[in-house]
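In: from the sequence below, what's the structure:
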Amino acid sequence: MRKMAVLGASMLVGSLLHIGTASAVTVTISCSATGHDLEQCTQGAQAWAKKTGNEVKIVSMPASGQLALYQQLLSAGSSDIDVLQIDVVWPGILAQDLIDLTKYAGNGTAGDFPVYVKNDTVGGRLVAMPWFADAGVMYYRKDLLDKYHVDVPKTWEELTADAKKIQDAERAAGNSKMWGFVWQGKNYEGLTCNALEWVQSYNGGAIVDASGKVTIDNPAAVNALKMARGWVGTISPEGVLNYQEEEARGVFQSGDAVFMRNWPYAWSLANSADSPIKGKVGITTLPMGGANGRHAAVLGGWQLAVSKYSKNPDAAASLVMYLTSEPEQKRRAIEGGYASTIEALYKDKDVRDAIGPFADSLHDNLVNAVARPSSITKTRYNQVSTEFSGAAYAALSGNTDPAASLKDLDDKLHGLSHGGKW
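Out: Coordinates of the predicted model:
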């Protein structure tokens, strides 16, 4: 039965692309097939193989369902994949099946943004290495802010007022499709990210604190959701409650929104040759929750980890350290536009020339980045996130008062936490 389960999982993952030359050790790494990911991952792995004399096999992963595939393979004790590319919220979920990389990393994490190292450390074990970064950012129409003599907003209150002012003026001028602000409001992980940014910006905590205590039922968090509820139907369309990243980008890139919350990937698309708003877009940190609030961007990005079922853990860890090293991250930034997890590279001239004018904004967002509580809640993170996004959605849609919604969420999370013992 176990052998059949492993075989079935392997068939689901996809065919192996064999690269490199014969050598003493073969290491298999999973690489995303999204965009340039497979090409860039393959190039880095090939360089490591050439340098070490080892052999590499690449598993091309599908665009969705990776976590379920990993869980199936790992639960079967499969050694089919040595190095796993994992999302930023998966270290806590998969930690028990990953090796501790501490002895291999040495001081290799010293240059990484601390939030990534903390996120990838579960129970005192470094179960993954940061590979490339992501964080929520605010896009805005430079031309429209200039047209109406509006400064880039520093707080959510300023953004709300500016969005309304420009939206109303543009509609009065004949652009009936203009909206002030688009974001991700559908009930899914994207809403968890957006809502956590609002809550954190008002100093409302991170749902569950570092000790495992549930903290979401507080006045600051309630105020954050009340603010966002006020956007729906005023500066944001009612349909924003069905928006994911691409729906928000579609509206913004069509020229029908003043502000947009999204991830850095949208920058190159907004400035592509066929984009109606090419050259008209600015990027900045997400606003603070009032004068006493803070800038808060939810952490995204991908990590590399080694399966504890690997037959060649030392070689697999060597590949991880090579791919996450500063020289390799610099290459990926220049050739593929990937945001580095190493802070010093944001001052590197070659990197700054490659990733464009959003280098400083992205750096500032990563400095202020907020990790979702996945490392604390471990295997229950998906339940925590689902409950949180559901509570936020209920408040945003007007089905439940924000205060009542968060009180109900608090009760549910306490039931999941077993007194903080996640």
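In: give me the neighbour count for the residue nearest to Ala220 when sequence neighbours are not counted.
Out: Of all residues not flanking Ala220 in the chain, Gly204 sits nearest, at 3.6 Å (C-beta to C-beta, 6 or more residues apart in numbering). C-beta: built from backbone N, CA, C; applies to glycine. Residues within reach of Gly204, counting by other C-beta atoms under 10 Å, total 25.
In: what pairs with the helix or strand containing Tyr140, parallel or antiparallel?
Out: Per DSSP states H and E: Tyr140 is located in strand 137-141. According to DSSP bridges, strand 137-141 forms sheet pairs with strand 257-262 (antiparallel), strand 281-284 (antiparallel).
In: following element in sequence after it, please.
Out: Next helix or strand after strand 137-141 toward the C-terminus (DSSP H and E): helix 142-147.
In: who touches that next one?
Out: Helix 142-147 is contacted by residues Val150, Asp151, Val152, Asp162, Ile166, Glu170, Val258, Lys280, Val281, Gly282 when judged by C-beta atoms under 8 Å, 6 or more residues apart in numbering.
In: possible to save the residues you listed as TSV with pLDDT?
Out: Shown next, in TSV, are those (pLDDT from 0 to 100):
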residue	pLDDT
Val150	98
Asp151	98
Val152	98
Asp162	98
Ile166	98
Glu170	98
Val258	98
Lys280	97
Val281	96
Gly282	95
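In: what's the domain layout of this protein?
Out: 2-134+300-366, 137-298+374-417 (automatic domain parsing).
In: where along the stretch 301-422 of the chain do the strands fall?
Out: Using DSSP state E, counting those that start in this stretch, the strands of the stretch 301-422 of the chain run over 369-370.
In: returning to that earlier point: mind listing what's buried in the strand holding Tyr140?
Out: Under the neighbour-count criterion of 16 or more other C-beta atoms under 10 Å, strand 137-141 has Val137, Met138, Tyr139, Tyr140, Arg141 buried.
In: is the second one in a bridge, and if so with what?
Out: In this structure, Met138 has beta-bridge partners Arg261, Thr284, where bridges are defined by DSSP bridges.
In: so what's it up against?
Out: Leu159, Phe259, Met260, Arg261, Ile283, Thr284, Thr285, Leu286, Pro287.
In: rewinding a little: can you redo the buried residues of strand 137-141 as JSON lines with pLDDT?
Out: Shown next, in JSON lines, are the buried residues of strand 137-141 (pLDDT from 0 to 100):
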{"residue": "Val137", "pLDDT": "94"}
{"residue": "Met138", "pLDDT": "96"}
{"residue": "Tyr139", "pLDDT": "97"}
{"residue": "Tyr140", "pLDDT": "98"}
{"residue": "Arg141", "pLDDT": "98"}
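In: wait, which of the residues you listed is closest to Glu55?
Out: Nearest to Glu55 among those, counting by C-beta to C-beta, is Val137 at 39.4 Å.
In: contacts only, for that closest one.
Out: Applying C-beta under 8 Å, 6+ apart, we find Val137 in contact with 261-264, 283-286, 297, 358, 361-362, 365.
In: for Gly212, same thing?
Out: Counting by C-beta under 8 Å, 6+ apart, Gly212 makes contact with Ile376, Thr377, Ser417, Gly420, Lys421, Trp422.
In: narrow these to those that are buried.
Out: Ile376, Thr377, Ser417, Trp422.
In: reformat those residues as CSV; add pLDDT and distance to Ile58.
Out: Output for the buried ones among the contacts of Gly212, formatted as CSV (pLDDT from 0 to 100; distance: C-beta to C-beta, whole Å):
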residue, pLDDT, distance to Ile58
Ile376, 92, 33
Thr377, 94, 32
Ser417, 92, 39
Trp422, 91, 34
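In: keep only those of these that are in helices.
Out: Ile376, Thr377, Ser417 (DSSP state H).
In: for the nearest residue to the last one once chain neighbours are set aside, give me its contacts.
Out: The spatial neighbour of Ser417 that comes closest, neighbours along the chain excluded (C-beta to C-beta, 6+ apart), is Val214 at 5.8 Å. Contact criterion C-beta under 8 Å, 6+ apart gives Ile207, Val208, Asp410, Leu413, His414, Ser417, Gly420 as the residues in contact with Val214.
In: just checking, the first one touches Asn218?
Out: Looking back up the chat, that one is Ile207. No. Applying C-beta atoms under 8 Å as the test, Ile207 and Asn218 come out as separate, 10.7 Å apart.
In: neighbour count: the two, which is higher?
Out: Neighbours per residue (other C-beta under 10 Å) separate Ile207 from Asn218, with Ile207 holding more: 26 against 16.
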